[in-house]
Each structure stands twice: as structure tokens, then as C-alpha cells.
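[1] Fold the following and give me the result.
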Amino acid sequence: MARGQLRIYLGAAPGVGKTYAMLSEARRRRDRGTDVVVGYVETHGRARTAALLDGLEVLPRATVTHRGAEFTELDVPAVLRRAPEVVLVDELAHTNVPGSRHDKRWRDVEEILDAGIDVITTVNVQHLESVNDVVENITGVPQRETVPDEVVRGAGQVELVDMAPEALRRRMAHGNVYTPEKVDAALSNYFRVGNLTALRELALLWLAGKVDEQLDRYRADHGIGGTWEARERIVVALTGGPEGETLLRRATRIAARSKGADLLAVHVARGDALSGGARPRELARQREIVEGLGGTFHHVVGDDVPRALLEFARAVNATQLVLGISRRGRLAQLLRPGIGATTTALSGTIDVHMVTHDQARQGIHRTVRDQGLSARRRAAGFLAAAGGLPLLTFGLAEARPALSLPSDILFFLAAVVAIALVGGMWPALFTAVAGFLLLNWYFTPPLHRFTVAEQENLIALAVFVLVGVGVSMVVDHAARRSREAAKLGSEAGLLSTLAGNVLRGERALDTLLGRMRETFGLTSVTLLERPVPATPDSHGDPADWRIVATVGGRPCTSPGEGDTEIPAGDGLTLAIRGRPLPAGDRRVLEAFAVQAAGALRQQRLEAEAERARPLEEADRMRTALLNAVSHDLRTPLASAKAAVDSLGTGSVEWTPEERAELLDTAVQSLDRLDRLVANLLDMSRLQAGVLGIAAQPIALDEIMPRALDDLGGGDVTVRLDPLLPEVTADPALLERVLVNLIANALRHSPPGEHVLITAGAIKDRVELRIADRGPGVLPADRERIFLPFQRLGDRDNHTGVGLGLALARGLTEAMGGELVPEDTPGGGLTMIVALPVHKRGEAP
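    Below is the predicted model of the structure:
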């Protein structure tokens, strides 16, 4: 059975008309003869939306009972039994009531689609998982209901229902979105013009990304390789050379001319990875610049750089390509066209910008390559040539009647190949030249003279020399490549091991420097930083440098003290002591330097974040305290003052009952104020670490009645085993913990439900359980309820500053215990207080 098609109406905010557009589409399809039914549509009391339901078949909803209340949800089985062609399901991100077929409505929709039924639905941009945090930062309102982006991106059609912010606010003011009593609050909070404008831009950008995906898929399905200029995309090609920053600035200016243009930087490495050229430090710096400009960096591999570059540009649908003028000299450009010229010739519809820079046509500075073979191998080749050629000449001279000149040439050619395999190019060239002379003297008529009588013999000798030279060059080139490949393989293994050590949690900076010292056999490796601007004489002055990190022996106090120095950027330099390193190792050293600089930045950011965390926490506490205290301390003070003022007035004659009631009001208000102040003081002492703990052995059945008396009543059932062992705790603090936890349980328990308190001994701890039948707390929110000044889920925000649970956990942990929440079987929340068992003979 074919899967159904999903169509989504996407909106920037509630009230833009998503449900209205969905119902209008349903009526159009019904008029065309399509079997359309309404599975679930929420009109929110809007008359014009409700009017569109007339004439449409509406399926009954499923009724779900949860904690004594009835709710209605989408009836998925009813939809499957009815099996229409199209079903309407409103609010895709909705969370179903516990006990429903699925926990999320989008899962209901997935099941319906799997049955081959088309679905039309609605969703707001704030419910998309990828932008959920962005929306919260913009509006200040967290969104609990989200839908995965892949669900929406997988839809066959996503249509934006757009409305200008001013038009939406007018709709709200006219009462077309919310009831009149909610309009003022909505307009001044969530539905501010700035919020709506930002949400609208989010919706448009998200949909633009979806359209890009559809366009790429269409071009791939239809084999369209050309560029479609739907949006400006500028690709800048980086070689890792010093001209990269100039190219990036130029490309950024080009991108800035077009609103919404994309900037992509790409580095093409040759497929054999042996050509070198790119400097890791420069590439890393250029990558940071690209990402800082809002662009993206890409690394591709290709033997043919122009073709690889253009394939990447066409793959990302680029419209413009930025290249630098070649650094090759004029003679080199005359002999072979450069990458820029070749790319321009093959670019087709892509505009190519050739940007000049300071390094243009100054030549490419390459490091001197190593010899292909070792000095010992080359010496062995010369010795083999010096000893083997006379022996070969003597043997061929003895066999002269049986062998002709072509046979002699083949033997000497075999000797050239053998010497090339042993010693490389230079011994083989020596063998070829010496063989030419020996063949001419001993085997070519006239003998024993450096003349050739026949032209055929001269051609044969010339070909012998050319073949010998060619073979020696090929063997030497293969040896060099083989050595370079082995070296690069070891470098890759080294960097892979290094990255693995860092990812496994080792200290990044120390690991990097230590690994460098071990790998290259160094005495010490030191990362230096110049805290002051450079001066002409400051390079070797230790006073101008500061040691950031060092491993090994005596560290370098300035770059001049080291045998090798590697700049790491941003005033950082790696100074190496032990032995001078060859230029061929500089590429790996630069990679180490880049990683060391990155590790230092990460280490400093972590330290700054750690230093800022207490300040942030203190600021959050201070803000929350001011917000909470501004109301919760004022309320009991106002109540007590009003009661006392009433008693003190002489213009009213109070009856004894009224006087007693006013006195009771004043006493209760002052008691509440006393508890609030005590909680605040205890919390401040806990955070300062100065709360005194007088731990002693105590039985729970002794402390429990005192806590219940302090509460002044409540539907609480206590079931404590009289044989429970004593616990080690501070009686006064434990009583405060129990009062706070039992009061919290009573506050959240529904009418007619009691709070159950039980306890049991588990090994060396006693667990006290305080269970309620309230709404419970989601697992994701269970740590939040212990934060100070939190009232998560409270129905009454006027009965405390939200310190009860935070103080209870802090006091419990101060006494060596633990406070954790868990679900109550059948619904609700259970607080578990675990305290250590008092051991006889042990000091409290």
C-alpha cells in the first residue's frame, strides 16, 4: 500500500489563519469530489473558522479520562475504519493526554499516513524542534510541545500562511483571535511587533531551506548539472597560501551586495595527498575567518583541481566563484595554463572573479624535497656501478664472438635498471653514461676508439642512454613518492592518535605538547605568549614573553632560545629545544601549533565560564529573590499591619470574636513572615557554607509528630515501623525538612486525597517516603524543582518564595543525606529522604 501524502500549513504565530486555510482547502477538495473528513480541528471559538466546518463530515473524537477529568483527542482507529482519501488533523505538535494511543499527535499522523490516507495539518514555527530555543530567546516563552524537523521536512507540501505583524495585531484587537479579556495581555507580551517580525523571519528562512532541499532533489532527479541562480552563492577557493584573507574579504563584499547570499570557502587537496603546498596554520586561520563571517568551510579532494572546484560549485548551486591570481611566474604560466585560467574556461554559467593580491606572479615558494633514497643506498649504487661495470665489460668481451652489439646494449641496459633499483637516479645516470662510453670503446666498431662507424650503432647507443636516463628517473620518482607516502601515513597516524587522546578526555594542551616531544624526541616543548605588542628587539627578550605551557626539561623563555620555533597565531609561538628539525617536518609541527592554540583558547574559555558561573548564579538568585520577596514579604506584612491597625482604631467597636479573629490573622501573618525569613537566612547560610549542624542520633517517630504539629493539621497518614533504627541528623533541621516536604505534598494533593508517609531501612540508610497524589513532575523538570525561587506547577503563587524544596535538599545534604524525587505508583510525586543509620559507639 502506498504511503499517504502529508500537507502542512506553516504559520509564524497563532491566529495567522492556518486552520482557516486548511478548512478552505478541504472544501475545495470536497467540491472536486474528493472524500474528505475532519479528524480533529480546533476552532478556538472563532466564528468564521467554525463556519467552514458546515458541510464537512466530522469524525467523533476519542474521550480519554485522566485523573478524574475527561479530555478529547483524535480518534485514530475511527479514522482508519472510515478510510477517507484525505483527513484533516489540526495542531501537529500537540501532546496527547496520557492514556492516548500515542504520546504525540504527529505519531498519530504517521500511523494514518502509513495506512495510505492523505493528511492535511497545521503547525507554528515555534513548535519546530530546531528553532525551539531560538523562539524562547526571542519571546521569553518556553515551548513544551515540539515536533521533529524531519517530520515536517518529509511532508510533500509545506505552505506558509503569512500575515504581516500589524495585520495580526489588528485581528487580535478586533477579537478575531482571542477572547477580549486576553487581548491586552497578548498584545503587550508574546504578540509584540518585534516578536512577530522575528517569528515571521524564522518561518520564512526555515521554509526557504525546505525549498532549497526540494530544488536540489529536483535537479538531482532530473540530472540537471547546470547552475540555477535562485539565490546568490559565492564560493571562494583557498589554497592555504597568504593570499587567502584577501580573497575572503573580497568574497564577503560580493556577498554583502545581495541580501541573503551564502558564502562558502573550499580548499581542494590533491587526491594523492603528496603534493603539499597548503599550510595547516593558514588554513585553520582562514577557516576561523570564514566561520566568523557567517560562512562555511569545506574540504574536498581531487586530482584535477579546476574540475574538482567546479564540481563542488555546481553541487552547491553556486552563482559566483572567487579565485586568486596565480602565484606562478610568467614563464610557468606560458608553459602551462594555471588553475584560474582553466577554471574560467570550464566555468560555464558560473561567474568567475580573478582577484589580484600581493603574492600574485611572485612564484610559489616550495620547500626543498628530500632525496628519494637514503645516502647509504646511493653510495651502494655507486659502488655497485664501479665494481659491476668492469666485470660486465670483461664478461661480454670474452663472449664477443657469440654476442652482437644489440645484445651487449641489452646487458648494459639491464645493469642500469639494477643500479637504479639499488641506488636511485644519480648512480643510474652514472651507469648509463659509463655504459655508453664502455660500449663505444669495447664493442662498437672501430674498437678502442670513441668513434662510431655506422649510423645504426650510433642510434642504438643514443637510445640506450635515453632509456637509461628515463628508467633512473622513474625509479627515483617512485622511491620518493613511496617515502613521502610512508611519511604522510605516519603523520596521519600520529594526528589520529593525538585526536583520540584528546577525545578520550585527556588534558588537551598538555597532551598535545607531550605527544610532540615524544614523537620528535625533543628535550622540551614550550608554548610562549607575547602579552605586549611586538618590537624590533623583543623577539629574543624573555621579558617580553610569558610561558603558557611547557613539557620536558628546561623550558625556553623566548623563541630565540629554541632550536626551532613555530608561530601559532594570536601572539603565540611554539619554542622547541633538543635538536633542529628538518623542513619536511614543519607541516606536522604547524598542525601541532594550530591545535595547541585552539586547546589554549578552549582552556581559557572554560576557565572564564567557570569564573562567571558563580556570578551568574548569584545574579540569578538576586533577581529571583527581589522578584519573589517584593510580593511574598509584603503580603504578610500588609495583612498583619491591617489587622493591628483595625484593632488600634477607636472608631469601631469590635466584638470579642472579631477581635480574636483579627489577632489570629496578625499572628498567622507574622508566623508566615517568620518562616519566610528563616528560609531565606538558612538558604544564605547553606550557600555560604556556614550553616551549623548539630548531628545526633534520633528516631523518626520522635521527630515526625513535631513536624506535623508545626504544620497545624492536614490529611496525612503516617506508617512508620517502630523497629526502625535511629538516624544521624540534626533534629531541628530534619524537622524543617519534613515540614517543607509535607507542606509541599499537601499543597499539590487534590481534595479528598491524603499524603502517605512511610519509611524503611536499606543497608546503612533509612529511606523516608512522602507520597502525594498530585499532578506529578515530568522527568525533565525534576531537577528544576530544587532550584531556589521555583514554583513549577504551583497552583498558588502567593504561599512562599519557592525555597521549600531547595532548602529541604540543601539541609538534607548538609546532614549527610540525600533527597530525590520519583513517581508515585498510580500518579503523583514521592519525595525520598535517605539518611545514614546511626551506628552504636560512633560519634555523631
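[2] CA only for contacts and neighbour counts going forward, please
    OK.
[3] next SSE after the lowest-mean-pLDDT helix or strand in the chain?
    Sorting the helices and strands of the chain by mean pLDDT, DSSP states H and E puts helix 330-335 at the bottom, at a mean of 59. Next helix or strand after helix 330-335 toward the C-terminus (DSSP states H and E): helix 339-346.
[4] Buried ones in that next one, by neighbour count?
    Of the residues in helix 339-346, those buried by neighbour count under the rule 16 or more other C-alpha atoms under 10 Å are 339-341, 343-344.
[5] what does stretch 513-531 give?
    513-517, 522-530.
[6] before we move on, what about stretch 728-744?
    Within stretch 728-744, the residues that qualify as buried are 728-731, 733-744, counting by 16+ other C-alpha under 10 Å.
[7] And the average pLDDT for the helix or strand that contains residue 550 is what?
    Here residue 550, judged by DSSP H and E, is contained in strand 546-552. Averaging pLDDT along strand 546-552 gives 87.
[8] How far off centre is the helix or strand following it?
    Next helix or strand after strand 546-552 toward the C-terminus (DSSP H and E): strand 564-569. In terms of C-alpha atoms, centre = their mean, to the nearest Å, the centre of strand 564-569 is found 30 Å from the chain centre.
[9] Mind giving me the packing neighbours of strand 564-569?
    strand 572-577, helix 586-632 (3 or more C-alpha pairs under 8 Å, 6 or more residues apart in numbering; DSSP states H and E).
[10] So what are the sheet partners of the first one and their directions?
    Strand 572-577 has the following strand partners under DSSP bridges: strand 524-529 (antiparallel), strand 564-569 (antiparallel).
[11] Residues touching the last one, excluding its own?
    By C-alpha atoms under 8 Å, 6 or more residues apart in numbering, the list of residues contacting strand 564-569 from outside reads 281, 559, 573-577, 579-581, 589-590, 593-594, 596-597.
[12] And the first one, by the same measure?
    With contacts defined as C-alpha under 8 Å, 6+ apart, strand 524-529 is touched by 513-514, 516-517, 545-559, 571-578.
[13] ok, now with 7 Å
    Outside strand 524-529, the residues that touch it by C-alpha atoms under 7 Å, 6 or more residues apart in numbering are 513, 517, 545-556, 571-578.
[14] what's the angle between it and strand 546-552?
    170 degrees (axes from the mean of the first three to the mean of the last three C-alpha atoms, to 10 degrees).
[15] Secondary structure element holding residue 28?
    Going by DSSP H and E, residue 28 is part of helix 18-31.
[16] so what secondary structure elements neighbour the helix or strand just after that helix?
    The helix or strand immediately downstream of helix 18-31 is strand 36-40, counting by DSSP H and E. Judged by 3 or more C-alpha pairs under 7 Å, 6 or more residues apart in numbering; DSSP states H and E, the packing partners of strand 36-40 are strand 57-58, strand 86-89.
[17] change it to 8 Å
    In terms of contacts (3+ C-alpha pairs under 8 Å, 6+ apart), strand 36-40 is packed against helix 18-31, strand 57-58, strand 86-89.
[18] avg pLDDT for the second one?
    In other words, strand 57-58. Mean pLDDT, strand 57-58: 94.
[19] Can you list the neighbours in contact with that strand?
    Residues outside strand 57-58 that contact it (C-alpha under 8 Å, 6+ apart): 36-40.
[20] Repeat the analysis, applying 7 Å as the threshold.
    For strand 57-58, the external contacting residues (C-alpha under 7 Å, 6+ apart) are 37-39.
[21] SS state for the spatially most central residue of the chain?
    Closest to where the C-alpha atoms of the chain average out (C-alpha atoms, centre = their mean) is residue 130, at 12.2 Å. Under DSSP: H, G, I helix; E, B strand; the rest coil, the three-state class of residue 130 is helix.
[22] OK, contacts around it?
    When contacts are counted by C-alpha under 7 Å, 6+ apart, residue 130 touches residue 149.
[23] Walk me through the regions of the stretch 551-700 of the chain where pLDDT falls short of the threshold, as ranges.
    Applying pLDDT under 70 to the stretch 551-700 of the chain flags the ranges 582-587, 617-635, 650, 675-676, 679-680, 682-691.
[24] Confirm that residue 514 sits in a helix.
    Yes: according to three-state DSSP, residue 514 belongs to a helix.
[25] So in terms of bridging, what pairs with the closest residue in space to it that isn't next to it in sequence?
    Excluding the flanking residues, the one nearest residue 514 by C-alpha to C-alpha, 6 or more residues apart in numbering is residue 551, at 6.0 Å. Taking DSSP bridges as the rule, residue 551 bridges to residue 525.
[26] List the buried residues in the helix holding residue 28.
    Buried positions in helix 18-31, judged by neighbour count with 16+ other C-alpha under 10 Å: 18-23, 26-27, 30.
[27] same thing with stretch 758-774?
    For stretch 758-774, by 16+ other C-alpha under 10 Å, it's 759-761, 765-774.
[28] Start and end of that stretch, how far apart?
    Start-to-end span of stretch 758-774 (C-alpha to C-alpha, to the nearest Å) is 17 Å.
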